[in-house]
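Enquirer: Just the structure for this:
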Amino acid sequence: MSILLVDPPCGSRLWEPHSEHLGIGYLAAELRQEGFDVEILDAGLLRWGLRKTCREILKKAPRILGISVVQPAVKNTLFIVKLLREKGLKSHICLGGHFPTLKTRVLLENCPFVDSVVYGEGDITFPSLVRKILNNEDWQKIKGIGFKKEGRVVINPPQSLVDDLDELPFPARDTLPLVLRWGRNSIVISSKGCYGRCIFCGPRAFYDRCPGKKWRGRSAENVLEELDYLHKNWGVEIVDFLDDNFFGPGEKGRKRVEDIAKGLIKKNIPVRFSIECRVDNVESSLFSLLKKAGLYEVRLGVESGVQRILDKYQKDISVEDSKKAIQILRDLDIDCKIGFIPADPWMNFDEFLENGQFLRDLGSPAAFNITRLSVVAGTLLEEILRKEGKLIERSFYEFDYRFSDSKVKVIYSIYRVIQIIQNLYHRLISRIDIGMRDFKYHFKKGKSADSTFFADQ
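Expert: Modelled structure (predicted):
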């Protein structure tokens, strides 16, 4: 095999699998378009253990091993890479993704078993690296990569962000049959980046690493073509748009969303979908049209019910903006899920209570993420906390912080224990549900129920 693209196990194996890894899917499609032999190994989706993942990689013995790394998976990735080298794997190992982009130098300094790091978008950089390696050419001058040479970290100039996303092929859907079998939704990425300036935002920091527009959207026609393809070829009926923000800036960004909605209606593509956006994107007329087109759920970054905290986060919204957006969605009978941050290092106890009252006043809408402020490596938040002396560095990939108000820390800790127990329960039920779906699938096929999901459990 020439190229193996891996999504490593991330955190606890009890976590619920979501869907495909489209970052890897796009790279696979781009490389296959050039005629390269590429395989996807999504150990994260399969919930494989670390040693199971290593065994499968060793069996395939690719010439180039690409691993996509997010911050929670750094520890597992380091273990996998070290074990692979100890077992004699000679592949060129390249790491890419959010964490390698935001911490290129520190990752290379702490992981001697890696040959290269791709930082920023890999759509141009990684295929260039593949071509050079497989043709036995010098790859160390490629833009957008880092590596170690004679013990010294070298980071080349950045590769520009892809300007026209329509030029990219649709992502490879190798794992989609498994996702659909487990009752999960297909995902689509219709844009990249966000025009917001939130201090805690990993995606914004990611795209700031390279020159180019920080938000880029595929054309409505290109998005509609992929939705139609998914429905006709895979029977997909529900899609989650995983854009950081489905809306682009200004009237042009609004017009693109309107064109997607009108296109779905005109072409009669029977796909229901969910999106994520800012609260100030929500307006009654446009979202009424989106609902008619199939919109059933909106994920909003509300974050706080305290204006001082919103300003600290650089959200550029008001508390009233959030209330108005949620009310519009309720009036349209569109499900609303919110991202919310009940505690952070600057919050005082009265503001913590104010946040709780804000949720009660809203009637506690469903949440897709309610947790204290997390420190994503390489963000403005990390820099601010370090300057203020609040940052706690547990390792080069694990960060925490000191609370200004100890009462907030204690109360949130109690809440978090309750939340973890609830999450574990729901994810255990989800895992059982997936296992039963697998069992029924294999039973109907007249095969053993020993599917990939049960392997190495």
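Enquirer: count of neighbours near Val154?
Expert: Neighbour count of Val154, defined by other Cβ atoms under 10 Å: 14. C-beta: built from backbone N, CA, C; applies to glycine.
Enquirer: Tell me if I am right that it is in a strand.
Expert: Yes. Remark: Val154 belongs to a strand, assigned using DSSP: H, G, I helix; E, B strand; the rest coil.
Enquirer: Pretty sure Phe147 is one of the things it touches, is it not?
Expert: Yes. At 5.7 Å, Val154 counts as touching Phe147 under the criterion of Cβ atoms under 8 Å.
Enquirer: and for these two, which residues touch both?
Expert: Gln140 (Cβ atoms under 8 Å, 6 or more residues apart in numbering).
Enquirer: what stretches of this structure score poorly on pLDDT?
Expert: 1, 11-18, 364-366, 422-423, 425-427, 446-457 (pLDDT under 70).
Enquirer: and it, what are its domains?
Expert: 3-155, 185-404 (automatic domain parsing).
Enquirer: Quick check: which of those is nearest to Val179?
Expert: Each of the domains of the chain has some distance to Val179 by Cβ to Cβ; the shortest is domain 3-155, at 5.2 Å.
Enquirer: burial measure for Ile155, as a count.
Expert: By the criterion of other Cβ under 10 Å, Ile155 has 14 neighbours.
Enquirer: Return the residues in contact with it.
Expert: 104-105, 119, 145-146.
Enquirer: Please apply the same query to Val81.
Expert: 67, 93, 111, 113-114.
Enquirer: quick one: secondary structure of it?
Expert: Under three-state DSSP, Val81 comes out as helix.
Enquirer: now it: how far from Val117?
Expert: Remark: distance between Val81 and Val117 (Cβ to Cβ, to the nearest Å) = 12 Å.
Enquirer: Using a markdown table, lay out the domains of the chain together with distance to Tyr415.
Expert: A markdown table is the format used below for these (distance: least, Cβ to Cβ, whole Å):
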| stretch | distance to Tyr415 |
| --- | --- |
| domain 3-155 | 20 |
| domain 185-404 | 7 |
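Enquirer: Can you tell me which of those domains is nearest to Leu178?
Expert: Closest of these to Leu178 is domain 3-155, at 7.2 Å (criterion: Cβ to Cβ).
Enquirer: now do the same end-to-end measure for the closest one.
Expert: 23 Å (Cα to Cα, to the nearest Å).
Enquirer: Mark which of the contacts of Ile155 are buried, thanks.
Expert: Buried members of these, counted by 16 or more other Cβ atoms under 10 Å: 104, 119, 145-146.
Enquirer: Which of those residues fall in helices?
Expert: Under the assignment DSSP state H, the buried ones among the contacts of Ile155 contribute Thr104 to helices.
Enquirer: Would you mark the buried spots in stretch 27-40?
Expert: Applying 16+ other Cβ under 10 Å to stretch 27-40 flags 27-31, 36, 38, 40 as buried.
Enquirer: Actually, stretch 290-299.
Expert: Result for stretch 290-299 [16+ other Cβ under 10 Å]: buried residues 290-291, 293-295, 297-299.
Enquirer: between those residues, which is nearest Val282?
Expert: So of the buried residues of stretch 290-299, ranked by how close each gets to Val282 (Cβ to Cβ), first place is Val298, at 7.3 Å.
Enquirer: Okay, and the beta partners of the closest one?
Expert: Beta-bridge pairing of Val298 under DSSP bridges involves Ile275, Cys336.
Enquirer: Now do the contacts for it.
Expert: Taking Cβ under 8 Å, 6+ apart, we find Val298 in contact with 274-277, 282, 287, 329, 334-337.
Enquirer: separation between it and Gly263?
Expert: Taking Cβ to Cβ, one finds Val298 at 19 Å from Gly263.
Enquirer: you'd agree Lys149 is up against Gln140?
Expert: Yes. Between Lys149 and Gln140 there is a contact under Cβ under 8 Å: 7.1 Å.
Enquirer: about what we covered before: can you list the contacts of Val81 in TSV and add neighbour count?
Expert: What follows is those, written out as TSV (neighbours: other Cβ atoms under 10 Å):
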residue	neighbour count
Ile67	25
Ile93	23
Cys111	20
Phe113	14
Val114	23
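Enquirer: Alright, calling it a day.
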